[in-house]
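what's the 3D shape of this:
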Amino acid sequence: MTKAAFPGSFDPPTLGHLNIIERAAALFDELVVVVAENPGKTCLFSPEERLSMLGDLVAARRNISVVSWNGLIVEFLKQQGIRILVRGIRGGVDFSYEFELSMWNKALAPQIETVFITTDPRYLVLRSSGIREVAAFGGSFEAMVPPLVAEALREKFPARGDSSAEKTGGPE
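Residues are numbered from 1 along each chain as shown. Below you'll find the model as predicted:
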């Protein structure tokens, strides 16, 4: 049985993340989605919220599980006996970063292999950070995330209504 892990911060989970998750789940007998708790990142959603959203999103798939982890991903993989690390790639910048990261992981745990899955072209420009920014400014993000994530974003960023410039009559 081939088991793989797909780690990420998933803050918030996007349609691009789900696309990689679904495609990886079709390649491996079991896929563990790992919600990373990175103390170096400031997240909009708590680890519990991200874990819950992803759990709900993949609940229909029997070969996908979702867990949270707050250490080096290679330590989780070693602990769980997982030898395949899945990473999604959107373009050249992602590849450079992910390739370097895979070399670090290989140095720390030589038995672990990294498998890169390129994004579906529909999701090429999706970034969680961009979605958070669009949501914070009251923009439309519904086409970028699943409905339950859209609802969670609306709760974090209630409708802004008119901009402050419009409320004050505009700039002077």
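
I figured L51 was touching W69, is that so?
No: between L51 and W69 no contact is recorded; they are 10.3 Å apart, counting by Cβ atoms under 8 Å. Where C-beta positions appear, they are placed from N, C-alpha and C, glycine not excepted.

which stretches of this structure form strands?
For the chain, the strands defined by DSSP state E occupy 3-8, 30-36, 64-69, 84-89, 113-118.

winner for burial among those?
Greatest average neighbour count among the strands of the chain goes to strand 30-36 (a mean of 23), per mean count of other Cβ atoms under 10 Å.

picking that back up, reformat the strands of the chain as JSON lines; add mean pLDDT.
Converted to JSON lines, the strands of the chain look like this (pLDDT from 0 to 100):
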{"stretch": "strand 3-8", "mean pLDDT": "97"}
{"stretch": "strand 30-36", "mean pLDDT": "97"}
{"stretch": "strand 64-69", "mean pLDDT": "97"}
{"stretch": "strand 84-89", "mean pLDDT": "96"}
{"stretch": "strand 113-118", "mean pLDDT": "96"}
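
I'd like the ones you listed laid out as CSV, including distance to I20.
Listed next are the strands of the chain as CSV, based on distance: least, Cβ to Cβ, whole Å:
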stretch, distance to I20
strand 3-8, 7
strand 30-36, 10
strand 64-69, 12
strand 84-89, 4
strand 113-118, 5
